[in-house]
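Engineer: the sequence and its predicted three-dimensional model are supplied below.
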Amino acid sequence: MPVLNERAYLRRAVESVLAQETGGPIELILALAPSTDGTTELARELAAGDPRIVLVANPAADIPVGLNLAIRMGRYPTIVRVDAHSELAEGYTRRALATLSRVRAANVGGVMRADGRTPFQRAVARAYNSPFGLGGGAYHGGTVEGEAESAYLGVLRRSVLDEVGLFDESIRRGEDWELNLRIRRSGYRVWFDPELSVTYWPRESWSRLARQFVATGRWRGELVRRFGRGNSLRFFAPPLLVITLLAAVLVAGGQATGILSGLVGLAAALVYLPVAAYVVLILSVALGRNGGSGWRDRMWTAAVLPTMHLSWGAGFLIGILRGAHDAVDTSRLGQRNTPLP
């Protein structure tokens, strides 16, 4: 479990892991980045109370670096990747181990069930759980078991990791997708089991959400630069939306100044059609049954979806043009969370 500024979530995340029944010994290795909210002190307190918790320093604060440090320290043949911002469902690990054996997969993952405790966070959770939010990947609400492109978190065979290599430490976002690509290209299965679920707590503020998605989109652009056709076509929808909106703004400016007129202006105005369709889509989702229970929830849903799409799409375009370089997700830095109820 890589950990950075997660004091409000860490205790429950740890408890959900240690409550798992596996039929054998377990250990929980926390890779501690330099936190500023008391997370490290809490981690030490938890470790002092349970010998199964092992701490390792992750001064680089990068997720793949922390994961690799924890994996190298691990003693057992199965690696269960967990996140400090999430909680494993009861029976998650036992079910995953059974699925690994049953389908002879190298990595098994389940459904990310996002949840929230404020109107904003609940709106983000609904977007995560909706095919209109993050593009309909299997782990965002899929119901059919089978082979998958990637896995959320994942329960992995250590022997396969030793063969294909650990997480690529040059990739700061999307490192799980890249690892699963190597696993699949080596002839192993990545498997989705909808009976597995993990509760995920999204970012708590608009600015943190936007910064997270810009960083994620930028690294996806970098992955497209590196791996080309290995990327799903669904990743190109948000940047296409950004380009379309920019084109609509330019056309509107040209029409307002008279640069675009007559048949040329009429033809250029066709760019408004996909923009209008997108607005109708967002309003339909926000006002529909998945938009929330009250007017405030519906308004947040209508605001959150474009924030996710446009932030991700803008980051993608930067990444595809300039690369990701040392771009990081700053949405966790200096975080001060309110404790969960």
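Structural biologist: Good, I have the coordinates.
Engineer: now the strands for the stretch 101-250 of the chain?
Structural biologist: Secondary structure of the stretch 101-250 of the chain by DSSP state E, counting those that start in this stretch: the strands cover 107-114, 146-147, 155-157, 190-200.
Engineer: of the ones you listed, which is nearest Gln255?
Structural biologist: Smallest distance to Gln255 across those (Cβ to Cβ): 40.7 Å, for strand 107-114. (C-beta placed from N, C-alpha, C; glycine too.)
Engineer: phi, psi for Thr78 please.
Structural biologist: Torsion angles at Thr78 (phi, psi; degrees, to the nearest 10) stand at phi -120, psi 130.
Engineer: now the helices: where do they sit in this structure?
Structural biologist: 7-18, 39-49, 63-73, 92-103, 119-129, 131-134, 158-164, 175-185, 206-227, 237-257, 262-268, 272-287, 295-322 (DSSP state H).
Engineer: who touches the residue nearest to Leu240 when sequence neighbours are not counted in this structure?
Structural biologist: Nearest non-adjacent residue to Leu240, counting by Cβ to Cβ, 6 or more residues apart in numbering: Gly313, 7.5 Å away. Listed by Cβ atoms under 8 Å, 6 or more residues apart in numbering, the contact partners of Gly313 are 217, 237-242.
Engineer: can you pick the most crowded of the residues you listed?
Structural biologist: The residue in the contacts of Gly313 with the most neighbours, by other Cβ atoms under 10 Å, is Gly217 (31 neighbours).
Engineer: isn't that one up against Pro238?
Structural biologist: Yes. The criterion here is Cβ atoms under 8 Å, and Gly217 meets it with Pro238 at 6.7 Å.
Engineer: anything in contact with each of those two?
Structural biologist: Residues touching both Gly217 and Pro238 by Cβ under 8 Å, 6+ apart: 312-313, 316.
Engineer: re earlier: can you say which of the helices of the chain is nearest to Phe192?
Structural biologist: Using Cβ to Cβ, the helices of the chain put helix 92-103 closest to Phe192, at 9.6 Å.
Engineer: any idea how far the closest one is from the chain center?
Structural biologist: Offset of helix 92-103 from its chain centre (Cα atoms, centre = their mean, to the nearest Å): 23 Å.
Engineer: now stretch 278-292
Structural biologist: Centroid separation for stretch 278-292 versus its chain: 22 Å, with Cα atoms, centre = their mean.
Engineer: what is the mean pLDDT for that stretch?
Structural biologist: Stretch 278-292 carries an average pLDDT of 89.
Engineer: give the buried residues for that stretch.
Structural biologist: 278, 282, 285-286, 290-292 (16 or more other Cβ atoms under 10 Å).
Engineer: closest to Ala43 out of those residues?
Structural biologist: The closest of those, once distances to Ala43 are taken by Cβ to Cβ, is Gly292, at 34.8 Å.
Engineer: can you tell me how far the closest one is from Leu97?
Structural biologist: Using Cβ to Cβ, to the nearest Å, Gly292 is found at 37 Å from Leu97.
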